[in-house]
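sequence and predicted structure are below.
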Amino acid sequence: MARVDINMQVRSVNGSIAVVSLDGEIDVYTSPKVKDFIGKLIDKGTYTFAIDLQNVRYIDSTGLGVLIGGLKRVREHGGAVTLVSTNPQTRKIFDITGLIKVFDIYDSVDDAVNALK
Amino acid sequence: MMQAREIGTEIPEIEIRVPSRAEWVALARLSVATVAARMHFNVDEIADLKLAVAEACTNAIQHARESDEIVITCRIYNDGLQVCVRDFGIGTEAERIRSRDLGEPRVGGLGVYLIRALMDEVEYRVEAESGTVLTMFKKLGDSAR
């Protein structure tokens, strides 16, 4: 089987901002895992996220759907989501879909976190 | 509409059959990427093809009820690669080919939009009794021909 997987880690900055680092490929197989991971953090009361996509080698519409769904949920609580990516293909997909206007995408985690403070 | 094309190599057609389940979509997209690499598509074009194939397979898994298998057929032409993604399920034409309005961010509906944006030609054929075929074509860049 062409096995794909996604590794997910979270760390807290200033006690309120969750930096979620994703490593791997986000597709129809792995996106439910990402949705579950972020969803549990929201359930526990985290509403401000910097999501690091620097090590995401591939993302498709199901991954975009997870990010949109997370954004909608945190906005209901006055929260926000910033993204980190310098990958040209990832940025191209956000550009094509118009999501470049919905998400603020930064070149570094520090920039993405600072934008949330 | 697909244009009529001249077949380009001695191995003009490659067929890949995968179970209609999420864990097999990676195999489908990587297989097509391998074909594209052998045709000397560049890295960006291969990434476009991988994404379009994955979106087509995802669409089939999500909308083709009662389909056990997805068949991906690659046809190599002098000017590019044609990829047909066929499922054998029951799905309505409207829910398959709807390309979403980008005005409102929401979950879902982006797949068909991406396919149309990334590929040079796209055609859906819904057959009431036998499933759906999505045929798409990606032109080779001038430097690769």
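All right, it came through fine.

buried set for the lengthiest helix in chain A?
Longest helix of chain A, by residue count under DSSP state H: helix A:61-75. Across helix A:61-75, burial judged by 16 or more other Cβ atoms under 10 Å in any protein chain shown covers A:61-71, A:73-74. The C-beta positions use only the backbone N, C-alpha and C, and glycine is treated the same way.

ok, now stretch B:32-43?
Neighbour counts over stretch B:32-43 (16+ other Cβ under 10 Å) mark B:V32, B:A33, B:V35, B:A36, B:M39, B:F41 as buried.

roughly how far apart are the fourth one and A:R75?
When distance is defined by Cβ to Cβ, to the nearest Å, B:A36 is 39 Å away from A:R75.

can you list contacts of stretch A:24-43?
For stretch A:24-43, contacts defined as Cβ atoms under 8 Å, 6 or more residues apart in numbering or on different chains pick out A:4-8, A:10, A:18, A:20, A:22, A:49, A:51, A:55-60, A:62-63, A:65-66, A:69-70, A:73-74, B:22-23, B:25-26, B:29, B:54, B:57-58, B:61-62.

list only those of these flagged as buried.
Buried members of the contacts of stretch A:24-43, scored by 16+ other Cβ under 10 Å, are A:4, A:6, A:8, A:18, A:20, A:22, A:49, A:51, A:56, A:58-60, A:62-63, A:65-66, A:69-70, A:73-74, B:22-23, B:25-26, B:29, B:54, B:57-58, B:61-62.

and these, which of them are in helices?
Counted as lying in helices by DSSP H, out of those, are A:62-63, A:65-66, A:69-70, A:73-74, B:25-26, B:29, B:54, B:57-58, B:61-62.

verify the contact between B:R75 and B:E15 for me.
No: using Cβ atoms under 8 Å, B:R75 is not in contact with B:E15, being 9.9 Å away.

lowest-confidence helix or strand of chain B?
Between all helices and strands in chain B, the lowest mean by mean pLDDT, DSSP states H and E belongs to helix B:93-97, at a mean of 55.

circling back to that earlier point, which one of B:R75 and B:E15 has more residues nearby?
B:R75 (19 against 11; other Cβ atoms under 10 Å in any protein chain shown).

so the more buried one belongs to a strand, correct?
Yes: assigned with DSSP: H, G, I helix; E, B strand; the rest coil, B:R75 falls within a strand.

around chain B, pick out the residues from chain A.
Taking Cβ under 8 Å from any Cβ of the partner chain as the criterion, the neighbours of chain B within chain A are A:1-4, A:25, A:27-29, A:58, A:60-62, A:64-66, A:68-69, A:71-72, A:88-89, A:93, A:96-99, A:102.

mind checking what secondary structure the closest residue to B:E23 other than its chain neighbours has?
Distance criterion Cβ to Cβ, 6 or more residues apart in numbering or on different chains; nearest residue to B:E23, sequence neighbours excluded, is A:Y29 at 4.9 Å. Using three-state DSSP, the structure places A:Y29 in coil.

cheers, nothing more for now.
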